[in-house]
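Trainee: Coordinates only, no sequence provided:
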């Protein structure tokens, strides 16, 4: 079965989609056939970053207007994408169970892919929690900002209590240096460790570079500058041996008290 990597953030504007796109491209180029799933039904932008405009998308699949195989499109390097939609006229929470079944179906029947990378919506609603809970790796993107800490913590807390998840990989984005990124992670981990019995694993960082933050992934110069950083994240992530094991029932009760 394919390895599923879901990337979430707790809040918007942290560079999650850019990470997802670059991560998917590197996996496709060097690790095996990869599918990018943009599960954001309101503010999807992975297809924009990839400079492609599929005629059918994930909303068509959820609403029964398209078969899953017909909504998956490939770009020039072979990366497959199931794009989301911007400003779809649907209720996110109503579609949560359909989204979970869709990802489960991809995991069971997607043998043509070695990796499936899921770009989740911002926040900590049911769609995000379901995507994380059916994944092999749950990646949380944070910034060195109080609001990012608060929202990322809320996401992890909800994933722990509502989906019994205990393992998360952390990527620090827009850091000035490696030392600063590690410092941000340590501070965030200290806060989370004090409140929740979960395991956070540091999966490296991405630098704060204006040309990368605002560019299309087809910008060759920007790709060359970011590729080594993405490779480090991929290697660190895939070297982590954990799976999504449920938290002990006793720990859940204690923390609820």
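Mentor: Structure's in. What do you need? All values reported here derive from a predicted model rather than from experimental measurement. Residues are numbered from 1 along each chain as shown.
Trainee: which stretches of the stretch 151-257 of the chain have low pLDDT?
Mentor: Where the stretch 151-257 of the chain drops to pLDDT under 70, the residues are 209-225, 242-257.
Trainee: where do the strands sit along it?
Mentor: 167-175, 199-207 (DSSP state E, counting those that start in this stretch).
Trainee: I figured residue 120 was touching residue 129, is that so?
Mentor: No. Counting by Cβ atoms under 8 Å, residue 120 stays clear of residue 129, with 9.1 Å between them. C-beta: built from backbone N, CA, C; applies to glycine.
Trainee: who's more crowded, these two?
Mentor: Set side by side, residue 120 and residue 129 show more neighbours around residue 120, with 29 against 23, by other Cβ atoms under 10 Å.
Trainee: how close does residue 236 sit to residue 163?
Mentor: Here the criterion is Cβ to Cβ, to the nearest Å. By it, residue 236 lies 24 Å from residue 163.
Trainee: just the strands of the stretch 151-257 of the chain: most buried one?
Mentor: The highest mean neighbour count among the strands of the stretch 151-257 of the chain, using mean count of other Cβ atoms under 10 Å, belongs to strand 167-175: a mean of 23.
Trainee: what's that one packed up against?
Mentor: Applying 3 or more Cβ pairs under 8 Å, 6 or more residues apart in numbering; DSSP states H and E, one finds that strand 167-175 contacts strand 137-142, helix 178-195, strand 199-207, helix 220-238.
Trainee: Need the contact partners of that strand.
Mentor: 14-15, 19, 137-144, 156, 159, 181-182, 184-185, 188-189, 198-208, 213, 233, 236-237, 240, 242-245 (Cβ atoms under 8 Å, 6 or more residues apart in numbering).
Trainee: rewinding a little: highest mean neighbour count out of the helices and strands packed on strand 167-175?
Mentor: Mean neighbour count (mean count of other Cβ under 10 Å) peaks for strand 137-142 among the helices and strands packed on strand 167-175, with a mean of 26.
Trainee: Pairing partners for that one, with directions?
Mentor: Sheet pairing of strand 137-142 (DSSP bridges) gives strand 3-8 (parallel), strand 167-175 (parallel).
Trainee: possible to save the ones you listed as JSON lines with distance to residue 151?
Mentor: Conversion of those to JSON lines gives the following (distance: least, Cβ to Cβ, whole Å):
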{"stretch": "strand 3-8", "distance to residue 151": "10"}
{"stretch": "strand 167-175", "distance to residue 151": "13"}
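Trainee: on that earlier part again, output the helices and strands packed on strand 167-175 as a markdown table; include the columns distance to residue 86.
Mentor: Formatted as a markdown table, these follow (distance: least, Cβ to Cβ, whole Å):
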| stretch | distance to residue 86 |
| --- | --- |
| strand 137-142 | 20 |
| helix 178-195 | 30 |
| strand 199-207 | 24 |
| helix 220-238 | 23 |
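Trainee: For residue 84, find the nearest of the ones you listed.
Mentor: strand 137-142 (17.2 Å; Cβ to Cβ).
Trainee: Can you tell me what sits against that closest one?
Mentor: Contacts for strand 137-142 (Cβ under 8 Å, 6+ apart): 3-10, 14-16, 19, 132, 148-149, 152, 155-156, 159, 165, 167-173, 184-185, 188, 203, 237, 240, 244.
Trainee: The same query, at a cut-off of 6 Å, please.
Mentor: Here strand 137-142 makes contact (Cβ atoms under 6 Å, 6 or more residues apart in numbering) with 5-9, 14, 16, 132, 148, 152, 168-173, 188, 237.
Trainee: now it: mean pLDDT?
Mentor: Averaging pLDDT along strand 137-142 gives 97.
Trainee: just how off-centre is it within its chain?
Mentor: Remark: strand 137-142 is offset 6 Å from the chain centroid, using Cα atoms, centre = their mean, to the nearest Å.
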